[in-house]
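Student: sequence plus predicted model, see below.
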Amino acid sequence: MRGIFDRWTRRVVAALFTLGLFSASPSVVAAGLLDEPLARLHADSFPETTKAIEEIARSGAPEAETLLRAMVDRRLLFDASSKTVVVKDASDKFLDARTLKPLASPPAALSPVRINNRLRGLIDAELGTLALVSPDRTRRFEAADALFRSRKASDLKAVEQAIAREKDGAIATALRKAHSAIQLARDDASLSDKLAAVGELAAFTDTDTLGLLNQTLASAQQPELRTSLEAAITRIEHQRQLLAGVQNVIYGLSLGSVLLLAAIGLAITFGVMGVINMAHGEMVMLGAYTTFVVQEAFRAWAPAAFDFSLLVAIPLAFVFTGLVGIAIERGIIRFLYGRPLETLLATWGVSLVLQQAVRTTFGPTNREVGNPSFMSGGFEVFGVSITWGRLWIIVFTLLVFAGLQLVLRATRLGLEMRAVTQNRRMAGSMGIRSARVDALTFGLGSGIAGIAGVALSQIDNVSPNLGQSYIVDSFMVVVFGGVGNLWGTFVSAFALGIANKLLEPVAGAVLAKIFILVLLILFIQKRPRGLFALKGRAVEA
Amino acid sequence: MSITRRRVLGGVALIASLAMGAPVALAQDTIKVGVLHSLSGTMAISETTLKDVMLMLIEEQNKKGGLLGKKLEAVVVDPASNWPLFAEKARELISQKKVSAVFGCWTSVSRKSVLPVFKELNNILFYPVQYEGEESERNVFYTGAAPNQQAIPAVDYLMSKDGGEVKRWVLAGTDYVYPRTTNKILEAYLLAKGVAKEDIMINYTPFGHSDWQTIVADIVKFGSAGKKTAVVSTINGDANVPFYKELANKGVKATDIPVVAFSVGEEELAGVDTKNLVGHLAAWNYFQSVKDPANDAFITKWKDFTKNPKRVTNDPMEAHVIGFNMWVKAVEKAGTVDPDKVIDAIVGVEVPNLTGGVSKMLPNHHITKPVMIGEIRADGQFDVVWQTKGLVPGDAWSDFLEGSKDLEADWVGKKCGNFNTKTNKCGS
């Protein structure tokens, strides 16, 4: 939603801005300025379009910015036969590109002006210069970033003026960074200017700055500049190295939270109830498909409230997969208690049936599940980069875990569940309907798997195969943690996640996975009941 | 009611047979065509579409009056993404169903698994997917791209001015035969082009890898050495979506570090939110967005056939169209469906492809194809930003690998799939 809103405000601002300048300069002159570059677009060749972009940007015409933005968004269309270029505006109306006035009869055969990455970069750079004076904060920030990337000597004056004007601290810093980058790239900058620039840049730790310094070092001649560059690079690399450990642990926490989320439902059905539930992964998959269906509904009826789709999907997924779980327990598993091999085969069969059922209903290809805006993108704290989606999943996992503990410890259902799993006969004689508790427990485990599916749909494919990729990992986590112990599952998920991520940079993704499996096998040999084994009479039951 | 193993398996079999779709008609005198694509399991995601294309092509041919005066009949089997089952199903198609040719397989391992069956029973396989090369068999026709029709031109493009003059390369792939061989060829090619060893980073991940945080961070770090960096991705199937999501979340834009993929097409992007992927690249021999009358007609037919106006077309589909049309022409030329006669007749056969060119079957059983580089658009389609001047002939044996560069495949003159030009002997 933020994205849509942003774009909309940008358009309004752009329009106001254009109008503002419009009244200042006579449009007749501006129209003439754009004739030649726009004519180049008819050729539909990249070299011609390159020239056109530069000429449009330099023309000083007030329409320039609108035209370039339209080009990036594929809203600048041309028709070679009638030699017209038009802009399609936000409400799908066609405007004459030279005047931005509505066209009475747009040509029938319009095709978008094609651009490639190089032109996209060029437009970003040109827009950067234009957007430095924008009243919109995000636009100025983007502009500073674009200028840092393009580092054209011709922008130096504009950046210096912008720094003098800028009141916002963060943007001023970004502008000074761009200024230093331009100084370094400029051939005629004095040595002292360049040294000052290096000093300024050494304070940043991001990879873009590191790249810039490395690039400058490759072509630097003066020895003083070289030493100062080398010092700055070593400093940044040293800092990044220190951070790398922290960063890996954070990646590990994130992987651990995903593992925990996938395994936590299984910790109940397998850990607490002792059912070897091979259809657990499919419950996760059903949760993900529920998210898809909910999002489709939002897209169709309430696109503006798309960000809330996940909030709606979570309870729905819980209820739906919980009901499916109860149906499986009542229909199949209850006849097989105490026969683990049969349970394994039957639930595996169920998993195949569910997969194929989803494949027939939704098709075999991936389904698109969108990220709400609060889960897109990332940020950096002290040089450690964190993505929003992953952060929310960690938070979400902890909430689910806490909620589950609460249900088990503080509700009547939880009490009955614990009673039944510890001693079924005794619980029965105390008046607990153990069959009903079994069904509800299995439903709870499945429902939590469904919730996990909602979260996993944000980072993984939503396809009929989704569940399969998590089933092995889930069993691994539960077995390692100790069957029947939720805290064991918690510790084991994060331990495996962090161990995996610490090994990955050293051994590579494939070997890291193998190492973890081998370590796990050795560990199980030594302690067959996992990290936190249940003790006492409950084990025998 | 108790659930027994038999019941569960029975249920699975029922579901599987329902999914197969096409009923086998009991026509008297028909020419049977085998379709060997996974309709369940992990590869169903890609292969189901190809089964549908084959059904459409066969239906269309029958509307035109069939072949040699007989109707064509599709025999569809489901090898269920299970490599040994591919061999079994191939044997069933040839020995029991008596098919005249088979269109099928996606992964290289499934192709390798059916090869002995096709050789032993002497039948024909049309293989529609881009692959690692280093193979040419008498009974197989490779209608997908060989490495020189996809990987090498893609790298050439990135080295060019328009591609951004890339100097540093990340070769990222899933850990199996296609990425490993392709990356070996690419590494040899890059080294031959003067790229330093430390400017190449090779990375493999397991199938279905979903946690890309470390690797994307590594790529960004590798890209911070001050030289233009690009990623050449042979990442397969499901692992792509989380990879692109991680790239987008880390703010890696195509203008900074472009990713050129060899396994990501219109079908794969249909499940992805592409607005953050704009500008990343793919190399193929066909894109749905190519403006050509033949392509427009094909897309319309496909949407009608699937009754879904949103269905997309992709490169392996075009490969099946070309392969099927070539087979039809060869059968007409030979006047029989006898595999031996068709194998001899098909070399040299020319059929129009869907992008305005005419593809030809070569003596090495590969075909000529145009190579195109497309940039991802916000609507999940591709904009072709570069394309070879003419058609590129497929090369079975890479010219950049030791031990392979002296080999040549020629099933017409030399009757050999791996003729060594140094020792003048067949069989390396």
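Tutor: Looks like it arrived, so ask away. The model shown is predicted, which means the values in this text are computed figures rather than measured ones.
Student: all the helices of the stretch 101-250 of chain B, residue numbers only.
Tutor: B:108-121, B:151-159, B:177-192, B:213-222, B:240-249 (DSSP state H, counting those that start in this stretch).
Student: any part of the longest one near chain A?
Tutor: No: no part of helix B:177-192 sits close enough to chain A to count as contact by C-beta under 8 Å from any C-beta of the partner chain; the gap is at least 11.4 Å. (Each C-beta comes from the backbone N, C-alpha and C, glycine too.)
Student: over to the shortest one?
Tutor: No: interface with chain A: helix B:151-159 contributes nothing (C-beta under 8 Å from any C-beta), its closest point being 9.9 Å away.
Student: quick one: contacts of that helix?
Tutor: Applying C-beta atoms under 8 Å, 6 or more residues apart in numbering or on different chains, the contact partners of helix B:151-159 are B:163-166, B:169, B:182, B:185-186, B:189-190, B:193, B:230, B:232, B:258, B:260, B:262, B:281, B:283, B:371, B:373, B:386, B:388, B:392.
Student: among these, name the buried ones.
Tutor: B:163-164, B:166, B:169, B:182, B:185-186, B:189-190, B:230, B:232, B:258, B:260, B:262, B:281, B:283, B:371, B:373, B:386, B:388, B:392 (16 or more other C-beta atoms under 10 Å in any protein chain shown).
Student: in strands, which of the residues you listed appear?
Tutor: Per DSSP state E, strands hold the following members of the buried ones among the contacts of helix B:151-159: B:169, B:230, B:232, B:260, B:281, B:283, B:373, B:386, B:392.
Student: close enough to count as contact, the last one and B:His366?
Tutor: It stands for B:Val392. No: the pair B:Val392 / B:His366 is not scored as a contact, 10.1 Å apart, by C-beta atoms under 8 Å.
Student: distance from the chain centre to the longest helix seen in chain A, please.
Tutor: The longest helix of chain A (DSSP state H) is helix A:223-266. In terms of C-alpha atoms, centre = their mean, to the nearest Å, the centre of helix A:223-266 is found 18 Å from the chain centre.
Student: next, the angle helix B:213-222 makes with it.
Tutor: 170 degrees (axes from the mean of the first three to the mean of the last three C-alpha atoms, to 10 degrees).
Student: quick one: average pLDDT of helix A:223-266?
Tutor: Confidence over helix A:223-266 (mean pLDDT, whole number) is 90.
Student: and if you look at stretch A:427-441?
Tutor: pLDDT averaged over stretch A:427-441 gives 90.
Student: what comes up buried for it?
Tutor: A:427, A:432, A:434, A:437-441.
Student: list of residues touching that stretch?
Tutor: A:268-269, A:272-273, A:326, A:329-330, A:334, A:337, A:413, A:416-417, A:419-421, A:424.
Student: so which of those residues wins on neighbours?
Tutor: Of all the contacts of stretch A:427-441, the highest neighbour tally under other C-beta atoms under 10 Å in any protein chain shown goes to A:Ile268, namely 32 neighbours.
Student: count the residues that sit near the closest residue to that one other than its chain neighbours.
Tutor: Leaving aside its chain neighbours, A:Ile268 sits nearest to A:Gly445 (3.5 Å; criterion: C-beta to C-beta, 6 or more residues apart in numbering or on different chains). The local packing of A:Gly445 (other C-beta under 10 Å) involves 29 other residues.
Student: can you report how many residues lie near the residue of the stretch 51-200 of chain B at minimum distance from chain A?
Tutor: Among the residues of the stretch 51-200 of chain B, B:Asp175 lies closest to chain A, at 5.1 Å counting by C-beta to the nearest C-beta. Other residues within reach of B:Asp175, judged by other C-beta under 10 Å, total 17.
Student: pLDDT wise, what is the residue of the stretch 101-250 of chain B found nearest chain A at?
Tutor: Closest contact between the stretch 101-250 of chain B and chain A, by C-beta to the nearest C-beta, is at B:Gly226 (3.0 Å). B:Gly226 is assigned 83 on the pLDDT scale.
Student: then the one 10 residues further on?
Tutor: According to the per-residue confidence, B:Asn236 scores 82 in pLDDT.
Student: partner strands of the helix or strand where B:Ser359 lies and their direction?
Tutor: Following DSSP states H and E, one finds B:Ser359 within strand B:358-360. If you go by DSSP bridges, strand B:358-360 pairs up with strand B:350-352 (antiparallel).
Student: what sits against residue 120?
Tutor: Going with chain A. A:72, B:254-255, B:278-279.
Student: any idea how chain B splits into domains?
Tutor: Domains of chain B are assigned by automatic domain parsing as B:5-146+B:294-370, B:148-289+B:372-391.
Student: pick the most buried one from those domains.
Tutor: The highest mean neighbour count among these, using mean count of other C-beta atoms under 10 Å in any protein chain shown, belongs to domain B:148-289+B:372-391: a mean of 21.
Student: and the pLDDT for the residue of the stretch 301-428 of chain B at minimum distance from chain A?
Tutor: Using C-beta to the nearest C-beta, the closest approach of the stretch 301-428 of chain B to chain A is made by B:Val385 at 4.3 Å. Looking at B:Val385, its pLDDT is 91.
Student: in space, what's closest to it - neighbours in sequence excluded?
Tutor: Per C-beta to C-beta, 6+ apart, closest to B:Val385 is A:Asn116, 4.3 Å.
Student: give me the residue at the spatial middle of chain B.
Tutor: The geometric centre of chain B, computed from its C-alpha atoms, lies nearest to B:Val129 (C-alpha atoms, centre = their mean), at 1.4 Å.
Student: the residue of the stretch 51-200 of chain B closest to chain A touches B:Gly208, doesn't it?
Tutor: No: the criterion here is C-beta under 8 Å, and B:Asp175 misses it with B:Gly208 at 11.1 Å.
Student: what touches both of the two?
Tutor: Joint contacts of B:Asp175 and B:Gly208 (C-beta under 8 Å, 6+ apart) do not exist.
Student: re earlier: now do the residue nearest to B:Val385 against B:Thr255, distance only.
Tutor: 10 Å (C-beta to C-beta, to the nearest Å).
Student: overlap of the contact sets of the two?
Tutor: B:Gly279.
Student: from A:Val472, how far out is B:Asn424?
Tutor: 52 Å.
Student: strands along the stretch 1-150 of chain B, start to end?
Tutor: In the stretch 1-150 of chain B, the segments counted as strands under DSSP state E, counting those that start in this stretch are B:30-36, B:71-77, B:101-104, B:125-127, B:140-142.
Student: those strands into TSV, with extra columns for distance to B:Trp302 and mean pLDDT?
Tutor: Output for these, formatted as TSV (distance: least, C-beta to C-beta, whole Å; pLDDT from 0 to 100):
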stretch	distance to B:Trp302	mean pLDDT
strand B:30-36	16	95
strand B:71-77	16	95
strand B:101-104	16	96
strand B:125-127	19	97
strand B:140-142	22	97
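Student: mind putting those into JSON lines with distance to chain A?
Tutor: Formatted as JSON lines, the strands of the stretch 1-150 of chain B follow (distance: least, C-beta to the nearest C-beta, whole Å):
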{"stretch": "strand B:30-36", "distance to chain A": "15"}
{"stretch": "strand B:71-77", "distance to chain A": "14"}
{"stretch": "strand B:101-104", "distance to chain A": "16"}
{"stretch": "strand B:125-127", "distance to chain A": "20"}
{"stretch": "strand B:140-142", "distance to chain A": "24"}
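Student: right, and those strands - which one's nearest B:Gly335?
Tutor: Comparison of the strands of the stretch 1-150 of chain B against B:Gly335 by C-beta to C-beta identifies strand B:30-36 as nearest, at 12.7 Å.
Student: just checking, what packs against the closest one?
Tutor: helix B:44-63, strand B:71-77, helix B:83-91, strand B:101-104 (3 or more C-beta pairs under 8 Å, 6 or more residues apart in numbering or on different chains; DSSP states H and E).
Student: quick revisit: which one among the contacts of stretch A:427-441 gets closest to chain B?
Tutor: Of the contacts of stretch A:427-441, the one sitting nearest to chain B (C-beta to the nearest C-beta) turns out to be A:Arg334, at 10.4 Å.
Student: show me the contacts for the closest one.
Tutor: Here A:Arg334 is in contact with A:435, A:438-439 (C-beta under 8 Å, 6+ apart).
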